[in-house]
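> just the structure for this:
(2 chains)
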Amino acid sequence: DAGVIQSPRHEVTEMGQEVTLRCKPISGHNSLFWYRQTMMRGLELLIYFNNNVPIDDSGMPEDRFSAKMPNASFSTLKIQPSEPRDSAVYFCASSLSGGEKLFFGSGTQLSVL
Amino acid sequence: RKEVEQDPGPFNVPEGATVAFNCTYSNSASQSFFWYRQDCRKEPKLLMSVYSSGNEDGRFTAQLNRASQYISLLIRDSKLSDSATYLCVVNRGNQFYFGTGTSLTVIP
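Numbering: from 1, shown residues only, chains lettered A, B, ... in the order given. Purely as a prediction, here's the structure:
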């Protein structure tokens, strides 16, 4: 079975540019999560979707961040405009509802110069 | 108060040693419990679920004490390949709460 698929693996961009991160959850999973990880702050939940509907976006840092899930097999996290402090590893994860195990993608290493 | 608290370590142990990690959670309504392993520059991967009765997977043993809201992971006969960060994870509703992780280095 394919796991959670994220793209790109690495993204280097300049401050002010728009960045779009992509995620394909495991087929059949109905919950999708976006996390950000840094050395200083550890793993932070940004937003999660259940059945394609955003349930909790309280972790989204500010209006520069937005996330969509147009269908059960695809989600995007967009940062516009990007800033150097957004540099981090962004993970997408999916699970079945009801407390089932969480599976992570390989992450996107974002560097904003 | 944090949802999940872990000792960040680091733990540096010799090969063959037994090492234990502990974790506490703050909300008694938490439903599911897990240990994840994260290698440097990689994604967290599920190591094992944790059940009230305790469970074992080879050299790894996990325990849950609901009354004390406490989770543990025991690694016996440590291998060099066990070096990683171990994350305690608690689920409640559809939310997963992560500890900050405990760093383990197994030394030859």
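> run through the residues that contact the residue nearest the centre of chain A.
Taking C-alpha atoms, centre = their mean, the centroid of chain A lies closest to A:Trp34, which sits 3.3 Å from it. Contacts for A:Trp34 (C-beta atoms under 8 Å, 6 or more residues apart in numbering or on different chains) come out as A:Cys23, A:Leu45, A:Leu46, A:Ile47, A:Tyr48, A:Ala67, A:Ser75, A:Leu77, A:Tyr90, A:Phe91, A:Cys92. Heads up, the C-betas are built off the backbone N, CA and C, glycines and all.
> next: B:Asp82.
B:Ile75, B:Leu104, B:Val106.
> name the element the second one belongs to?
Under DSSP states H and E, the secondary-structure element containing B:Leu104 is strand B:102-107.
> listing partners with orientation, what would you give for that strand?
strand B:11-14 (parallel), strand B:84-92 (antiparallel) (DSSP bridges).
> which of those strands is buried the deepest?
Highest mean neighbour count among those (mean count of other C-beta atoms under 10 Å in any protein chain shown): strand B:84-92, with a mean of 23.
> does whichever strand or helix holds A:Lys78 pack against any helices or strands, and if so which?
A:Lys78 is part of strand A:74-79 when elements are defined by DSSP H and E. Applying 3 or more C-beta pairs under 8 Å, 6 or more residues apart in numbering or on different chains; DSSP states H and E, we find strand A:74-79 packed against strand A:19-24, strand A:31-38, strand A:42-50, strand A:65-71, strand A:88-95.
> switch to 10 Å and redo it
The contact analysis (3 or more C-beta pairs under 10 Å, 6 or more residues apart in numbering or on different chains; DSSP states H and E) places strand A:74-79 against strand A:5-7, strand A:19-24, strand A:31-38, strand A:42-50, strand A:65-71, strand A:88-95, strand A:108-112.
> let's have the ones you listed in JSON lines, adding mean pLDDT.
As requested, these are exported to JSON lines (pLDDT from 0 to 100):
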{"stretch": "strand A:5-7", "mean pLDDT": "98"}
{"stretch": "strand A:19-24", "mean pLDDT": "98"}
{"stretch": "strand A:31-38", "mean pLDDT": "95"}
{"stretch": "strand A:42-50", "mean pLDDT": "93"}
{"stretch": "strand A:65-71", "mean pLDDT": "96"}
{"stretch": "strand A:88-95", "mean pLDDT": "96"}
{"stretch": "strand A:108-112", "mean pLDDT": "97"}
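> still on that earlier bit, export the strands paired with strand B:102-107 to JSON lines and tack on mean pLDDT?
As requested, these are exported to JSON lines (pLDDT from 0 to 100):
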{"stretch": "strand B:11-14", "mean pLDDT": "96"}
{"stretch": "strand B:84-92", "mean pLDDT": "94"}
